[in-house]
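1. Please find the sequence and the predicted model below.
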Amino acid sequence: MSMSITYKKAGVNIDAGNELVKRIKRKFPKIGGFGGLFPIEGSKYNLVSSTDGVGTKLKIAFLLNKHDTVGIDLVAMNVNDLICVGAKPLFFLDYFACGKLDVNQAEQVIKGIKKGCHLSGAELVGGETAEMPGFYKNGEYDLAGFAVGVVEKNKEINGKKIKPGDIVIGLPSSGPHSNGYSLLRKIFSDVQLKKYSKQLLAPTKIYVKEILAAISKFNSKKQNIVGIAHITGGSFYDKIARILPENVKIVIKKNSWKVPKIFKLIQEQGNVSDEDIYRTLNMGIGMILIVCKESSLDIKKFFKGAKIIGYVEKGSKGVELI
């Protein structure tokens, strides 16, 4: 049997990242959620902010010289975090850094950002282009994004109302989205990266409009959607646990949805353990909603392709996959 490849062996230490967040939270206890809330004084609204990048998925864009979709990823990674607290995106800014500016290449990236903003309802209001000779390889660049949204005070979705008996609904992803690419690049050769480029470069799905519509429909009188988690770095174990109150646990049933072939191929070729693969990749589930049991079937039907993938029970705060 070939040696097992882990995300840590691929160069990404999730535990170290979590430890840094813990240390930061000791000094800034309000951070750590999917979006940072800032109350607007004298108003009934909170501003909600998020920042993120595309990660090493960009390496595949460089390999294929295809740059028109990574901008969608950039917007998605930010606005999908905003929607986890029920916030409507307002505006977006980008940061594009390179060694030597290729105007045609950068224009393709911005094309994707524009489309991502359109899909999420956010307005692109500005950004920064940084040209830093010698800092990046020729033809390569890095991206970061910053999004701001708004949610009514006392209507934010923060997970505090999650209780035993609640149901977990999974919304399908469009592929690996923008996480775990250091692992799959360790597993796949350049030939395979090109072969599976359609799946690997598929832009991150933007869930904003459908989830906002669901919140409007199901949370108008009573909060039936009580928790939302964007399945990115740390995946099922860390991202879902982030929104849980103490003394409840989530049980995820792995056979409750069909895992797309690309994830199975990554796991088999890299001999990746179940625990590591479900902590690294979204495995076909890009967003999860935790909902009241009595409304769960109606909410599931509201979303195309949604699956009931688990439930909430009493226990130590955390996530169990069975």
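-> Received it, and whenever you're ready, just let me know what you need. Numbers count the residues shown, from 1 in each chain.
2. all helices for this protein, in order.
-> 14-27, 57-64, 70-82, 103-120, 181-187, 190-195, 197-200, 208-218, 235-241, 261-270, 274-280, 296-302 (DSSP state H).
3. Show me what the shortest one is packed up against.
-> Which is helix 197-200. Other elements packing on helix 197-200 under the criterion 3 or more C-beta pairs under 8 Å, 6 or more residues apart in numbering; DSSP states H and E are helix 57-64. Where you see a C-beta, it was placed from the backbone N, CA and C, and this is true even at glycine.
4. Also the longest one?
-> With contacts defined as 3+ C-beta pairs under 8 Å, 6+ apart, the packing partners of helix 103-120 are helix 70-82, strand 88-98, strand 123-131, strand 141-152, helix 208-218.
5. follow-up on the earlier one: need the helices of the chain in a markdown table with mean neighbour count, can you?
-> Putting the helices of the chain into a markdown table (neighbours: other C-beta atoms under 10 Å) gives the following:
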| stretch | mean neighbour count |
| --- | --- |
| helix 14-27 | 11 |
| helix 57-64 | 19 |
| helix 70-82 | 28 |
| helix 103-120 | 18 |
| helix 181-187 | 21 |
| helix 190-195 | 13 |
| helix 197-200 | 16 |
| helix 208-218 | 17 |
| helix 235-241 | 22 |
| helix 261-270 | 17 |
| helix 274-280 | 20 |
| helix 296-302 | 16 |
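6. what's the closest of those helices to residue 288?
-> helix 235-241 (6.3 Å; C-beta to C-beta).
7. before we move on, back to that, same list, the helices and strands packed on helix 103-120, but as CSV with mean pLDDT please.
-> Below are those laid out as CSV (pLDDT from 0 to 100):
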stretch, mean pLDDT
helix 70-82, 98
strand 88-98, 98
strand 123-131, 97
strand 141-152, 98
helix 208-218, 98
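8. Minimum distance to residue 293: which of these has it?
-> Nearest of those (C-beta to C-beta): helix 208-218, 13.0 Å.
9. which other residues reach the closest one?
-> Helix 208-218 is touched from outside by 79-80, 82-83, 86, 88-89, 119-121, 157, 224-225, 228, 287, 289, 291, 295, 298-299, 302-303, with contacts defined as C-beta atoms under 8 Å, 6 or more residues apart in numbering.
10. 10 Å - rerun?
-> With C-beta atoms under 10 Å, 6 or more residues apart in numbering as the test, helix 208-218 has contacts from 75-76, 79-80, 82-84, 86-89, 119-122, 149, 151, 155, 157, 169, 171, 207, 223-225, 228, 287, 289, 291-292, 295, 298-299, 302-304, 306.
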